[in-house]
Each structure stands twice: as structure tokens, then as C-alpha cells.
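Novice: model the structure of this input:
(one chain, ligands or ions: 1)
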Amino acid sequence: MNFHVLTLFPDMIEQGLHTSILGKAMEKGCITLETTNIREFAANKYNRVDDYPYGGGAGMVMEAEPVYRACKSVEQKIGRPVRTVYLTPQGRVLNQTIVEELAMEEELILLCGHYEGIDERVLEDVVTDYISIGDYVLTGGELGAMVLIDAVSRFVPGVLSNEESSQFESLQDNLLEYPHYTRPEEWRGKKVPPVLLSGDHRKIEAWRYEKSVERTKERRPDLLKNAVSVTCAFYAPEESLREMILQTTGEMTRYGNFLDVGRKKIRKQRNAFGSGDFLLFAVPACLPSDSPLASHEEFFCSFHGKDTPAALMICGGSDEADQASGQLQLLSERLKTALEGRGFRILDICLNPEESRKRRQFLLGLREKIYRGIS
Ligand SMILES: C[S@@+](CC[C@H](N)C(=O)[O-])C[C@H]1O[C@@H](n2cnc3c(N)ncnc32)[C@H](O)[C@@H]1O
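Specialist: Numbers count the residues shown, from 1 in each chain. Take a look at the predicted model:
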């Protein structure tokens with residue numbers, strides 16, 4: 001991924017980012033960083049890029065033209081218009097979902113303001129996203145750009161030595177992470193919780209979940225009110241489909257429950273959910289001839305929601321043939337109606353989640369809705 005930072009203080013960015021994990025990632029070529037000094041695009045011999053605000057008031061404003069030219073010069077090098085983020089206290093406050101969504105871009109321009117900010121007219125022309133790093137005011141956008149680059153880079157493949165470590169962390173499930181311990185087993189009279197030494201992975205996972213909830217309740221109760229318990233109800237006649245569905249749920253939550261509706265036992269029991277749950281339904285577009293049930297709807301007969309938020313994935317359809325995608329559309333509408341009739345509120349539908357980019361966007365969209373509070 002390539003980051004292009006437009007700034008009046010390129011040294012600040014270069015010195016701040018060429019160390020530690022990001023420094024190594026740049027050496028490996030996983031990410032690149034290019035800074036452009038907006039001052040080089042000043043239209044006067046003093047290289048001045050700011051002026052007094054119309055209407056009076058304190059402070060200076062960065063002029064439109066140098067910012068415009070700096071931005072266009074970067075776009076020209078890349079060869080196409082690029083998503084351009086203006087770091088500003090007036091933007092959407094950065095969160096983990098926005099970070100992961102930005103990490104899907106190949107190129108990103110970050111525009112740093114200074115003084116009182118930048119002439120509104122150029123912002124209207126070049127900016128695609130307004131992002132704040134928190135509800136406080138900084139002297140310039142450089143620290144914001146560095147925070148954003150650091151957080152986004154963690155999701156670029158190869159940046160972290162163990163890719164897993166960017167998968168499950170604080171905030172993914174609207175939960176803070178459980179506490180961590182390392183050697184020694186006893187430090188100044190304090191022992192590591194015995195369950196972590198037990199080798200019993202189920203017990204360890206249950207303990208971690210409990211600690212996550214406890215910690216979130218204590219430190220960020222605001223997050224907990226939007227946390228949901230995720231269950232994936234699926235029918236996967238093929239192993240590859242099953243794997244894809246399990247992995248997809250894993251990208252959504254660390255603590256997912258799974259109900260395989262291909263199993264008679266699951267279809268026979270009553271599967272009831274409330275408004276604090278979230279259901280991810282996943283089925284193949286075409287049922288195989290040896291399917292235990294004749295229609296998609298029958299798989300969900302044992303499911304009962306109470307205004308329960310849910311999403312639907314219809315896998316393995318073909319987008320290519322018009323007719324096939326038309327059929328897929330019809331099937332998705334039919335299933336949506338059926339699930340709504342059973343008390344589920346369908347937030348989104350993903351046709352052909354096998355396409356990884358499409359699936360990622362679908363998941364991030366769902367997580368963003370959860371962050372904003374769906375229940
Ligand atoms: C002093 S601030 C200008 C604030 C502006 N007058 C306002 O009230 O919105 C100067 C620059 O710092 C950056 N900045 C300040 N606070 C920020 C924040 N919370 N997140 C991201 N960037 C910020 C922006 O680029 C901004 O143009």
C-alpha cells in the first residue's frame with residue numbers, strides 16, 4: 001500500500017514513521033511513504049502558503065492553490081484520482097472499522113492542515129474523506145496522518161510478522177481485549193491466572209471472553225451497549241464452502257457460535273434469538289440433489305428472532321450470466337422475506353461472498369453498523 005502525505009512539515013512524518021515495525025515494513029516494500037511539501041507549490045517567491053482569513057478573526061488559513069497543485073501532482077504520478085483524506089477535527093472519528101476499510105485501498109493521499117485550516121474551496125474539490133483522530137484539536141494534521149498510517153498499515157499483508165495478530169484485537173467485537181501475561185509465572189508475588197497454564201483451549205477461550213466483557217464493562221461501557229453475540233447459521237454441502245463460511249464469521253467476531261443447519265439435530269431444536277444477538281445466515285445458491293431439504297426456506301424453519309439483526313450470504317452463484325444473477329436476486333429477496341417473517345431484521349445481503357474483496361466490504365459494512373448501534 002502506498003501512502004502519500006501532503007504536508008508543510010515532511011520531516012515530522014518521515015522521522016516519525018521510518019522506525020520500528022513500519023520502518024521494517026517500508027524496507028520490505030509492504031508499504032511505501034511519500035511526503036510532498038505543499039510549500040513547494042507556493043505561487044510566490046517567498047514560498048508563503050497561508051493568508052489572512054476573509055471576514056477577519058484570529059489565525060491564518062492555508063491557500064487553496066498550493067494544496068490543489070500538490071494534490072494534482074501526486075495524482076498525476078499515480079495516474080488516476082485517489083481517495084484523499086483530510087485530517088480534521090471536523091471529520092468522522094477514526095475507528096477500527098474505518099481503519100480496516102481504508103486498508104483495502106492501494107493508494108491513499110493524506111492531507112495535513114495547519115494554522116486555522118485550509119481554504120474550503122479546495123477541500124470541496126479534492127477531499128473524499130474527512131477524518132478526525134479524536135475530539136480534541138491538534139496544531140497540525142501530521143500526528144493524525146501518522147496515527148492513521150500506523151493503524152491502517154497493521155492490516156496490510158506482511159506488515160505484522162504474524163498476520164493473525166491484526167485479526168483479533170481490542171474493539172473487533174466492540175469488546176476490549178483480555179489481559180496478557182508473559183514469563184515469569186510469578187512476578188513480585190503476583191501469579192499468572194492458573195487457567196492460562198492449563199493447556200485447555202476451550203477453558204482459556206471462555207476465560208478470555210469473560211475477562212473481555214468484564215474489562216469493557218469497567219472501562220468502556222459505551223462499547224458494550226453495542227456489542228452483539230454473533231451466531232452463524234449455515235448449510236455447507238461442500239468442505240470448501242464450510243471453510244469459507246467459518247473464516248468469514250471469524251473475520252467478524254472472535255467469539256462466534258456456529259449452527260450447522262445441515263444437521264437434523266440443529267433443525268429439530270428451537271433456535272431462538274433476541275435483539276442482543278446477530279445472525280449471519282449462509283447458504284449455497286443451489287441446493288444439491290442429495291440435500292436433506294427441498295428448499296432454502298425449510299432450513300430456517302427452526303429459527304425465531306425478536307427483531308434480531310441479521311445478514312445473509314448466498315454462496316456459489318454465478319454473477320456472469322445475467323439470467324443466473326437474476327435468479328440469485330430473486331432467491332435473496334425470497335429468503336429476506338422468509339427471514340423477516342421469522343423475526344429477523346436483514347441488514348445486508350452478500351451474493352457470491354467467494355469474491356474476497358466483496359466479502360470484506362460486506363463484513364466491514366456490517367461491523368460499522370454494529371459500531372453505530374443496531375440493537
Ligand atoms: C488548529 S487545527 C485547525 C482547527 C480548525 N480551526 C477547526 O476548528 O476545525 C490545524 C490542523 O490540525 C489538524 N487537526 C487538528 N485537530 C485534529 C484532529 N482531532 N484530528 C485530525 N486532524 C486534526 C487539521 O489538519 C487542521 O487543519
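
Novice: show me the contacts for the residue in the stretch 101-250 of the chain positioned nearest to the ligand.
Specialist: Closest residue of the stretch 101-250 of the chain to the ligand, CB to the nearest ligand atom: residue 113 (2.2 Å). Every C-beta, even on glycine, is put in place using the N, C-alpha and C of the backbone. Residue 113 is in contact with 62, 86-88, 140-141, counting by CB atoms under 8 Å, 6 or more residues apart in numbering.

Novice: so, low pLDDT: which residues of the stretch 251-375 of the chain?
Specialist: Scanning the stretch 251-375 of the chain with the threshold set as pLDDT under 70 gives 317-325, 374-375.

Novice: that one: helices as residue ranges?
Specialist: 264-268, 296-299, 322-341, 356-372 (DSSP state H, counting those that start in this stretch).

Novice: with just CA atoms, put the last one into CSV.
Specialist: Coordinates of each C-alpha in helix 356-372 appear next as CSV, following Å, rounded to 0.1, in the frame of the first residue of the first chain:
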residue,chain,number,x,y,z
SER,A,356,-12.8,-11.8,-1.1
ARG,A,357,-13.0,-8.0,-1.7
LYS,A,358,-16.8,-8.1,-1.9
ARG,A,359,-16.9,-10.2,1.2
ARG,A,360,-14.6,-7.9,3.1
GLN,A,361,-16.7,-4.9,2.2
PHE,A,362,-19.8,-6.7,3.3
LEU,A,363,-18.3,-7.6,6.7
LEU,A,364,-16.9,-4.1,7.3
GLY,A,365,-20.2,-2.6,6.4
LEU,A,366,-21.9,-4.9,9.0
ARG,A,367,-19.3,-4.1,11.6
GLU,A,368,-19.7,-0.4,11.0
LYS,A,369,-23.5,-0.8,11.5
ILE,A,370,-22.8,-2.6,14.8
TYR,A,371,-20.5,0.1,16.0
ARG,A,372,-23.2,2.7,15.3
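
Novice: tell me the helices and strands packed up against it.
Specialist: If contacts are counted by 3 or more CB pairs under 8 Å, 6 or more residues apart in numbering; DSSP states H and E, helix 356-372 sits against helix 96-102, helix 239-252, strand 308-315, strand 344-351.

Novice: got these as TSV, with mean neighbour count and distance to residue 263 columns?
Specialist: Formatted as TSV, the helices and strands packed on helix 356-372 follow (neighbours: other CB atoms under 10 Å; distance: least, CB to CB, whole Å):
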stretch	mean neighbour count	distance to residue 263
helix 96-102	20	33
helix 239-252	17	12
strand 308-315	24	18
strand 344-351	19	20
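
Novice: CSV for these, including distance to residue 220?
Specialist: Putting the helices and strands packed on helix 356-372 into CSV (distance: least, CB to CB, whole Å) gives the following:
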stretch, distance to residue 220
helix 96-102, 13
helix 239-252, 20
strand 308-315, 21
strand 344-351, 23
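
Novice: could these go into a markdown table alongside distance to the ligand?
Specialist: A markdown table is the format used below for the helices and strands packed on helix 356-372 (distance: least, CB to the nearest ligand atom, whole Å):
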| stretch | distance to the ligand |
| --- | --- |
| helix 96-102 | 13 |
| helix 239-252 | 28 |
| strand 308-315 | 31 |
| strand 344-351 | 29 |
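
Novice: ok, which of the ones you listed comes nearest residue 358?
Specialist: Proximity to residue 358, assessed across the helices and strands packed on helix 356-372 by CB to CB, is greatest for strand 344-351 (6.6 Å).

Novice: show me what residue of the stretch 251-375 of the chain gets nearest to the ligand.
Specialist: residue 371 (18.4 Å).

Novice: just want the most central residue of this protein.
Specialist: Geometric centre of the chain, nearest residue: residue 97, 2.8 Å, by CA atoms, centre = their mean.

Novice: what's the longest strand in the protein?
Specialist: Counting by DSSP state E, the longest strand found in the chain is strand 84-93.

Novice: what's near enough to touch residue 71?
Specialist: For residue 71, the contact set (CB under 8 Å, 6+ apart) comprises 6, 84, 109, 111, 122, 126.

Novice: just to revisit the earlier point, could the helices of the stretch 251-375 of the chain be laid out in JSON lines, adding distance to residue 55 and mean neighbour count?
Specialist: Shown next, in JSON lines, are the helices of the stretch 251-375 of the chain (distance: least, CB to CB, whole Å; neighbours: other CB atoms under 10 Å):
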{"stretch": "helix 264-268", "distance to residue 55": "66", "mean neighbour count": "13"}
{"stretch": "helix 296-299", "distance to residue 55": "62", "mean neighbour count": "18"}
{"stretch": "helix 322-341", "distance to residue 55": "52", "mean neighbour count": "14"}
{"stretch": "helix 356-372", "distance to residue 55": "35", "mean neighbour count": "17"}
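
Novice: in CSV: those, plus distance to residue 156.
Specialist: Listed next are those as CSV, based on distance: least, CB to CB, whole Å:
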stretch, distance to residue 156
helix 264-268, 38
helix 296-299, 38
helix 322-341, 32
helix 356-372, 13
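
Novice: which stretch among those helices comes nearest residue 236?
Specialist: Once the helices of the stretch 251-375 of the chain are compared by CB to CB, helix 296-299 is nearest, at 11.2 Å.

Novice: now that closest one, how far from the chain's geometric center?
Specialist: Computed by CA atoms, centre = their mean, to the nearest Å, the chain-centroid distance of helix 296-299 equals 31 Å.

Novice: export it to CSV, keeping only CA atoms.
Specialist: Extracted as CSV, the C-alpha positions of helix 296-299 are listed here (Å, rounded to 0.1, in the frame of the first residue of the first chain):
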residue,chain,number,x,y,z
HIS,A,296,-33.8,-22.9,1.2
GLU,A,297,-36.6,-21.6,3.4
GLU,A,298,-37.0,-25.0,5.1
PHE,A,299,-33.5,-24.7,6.6
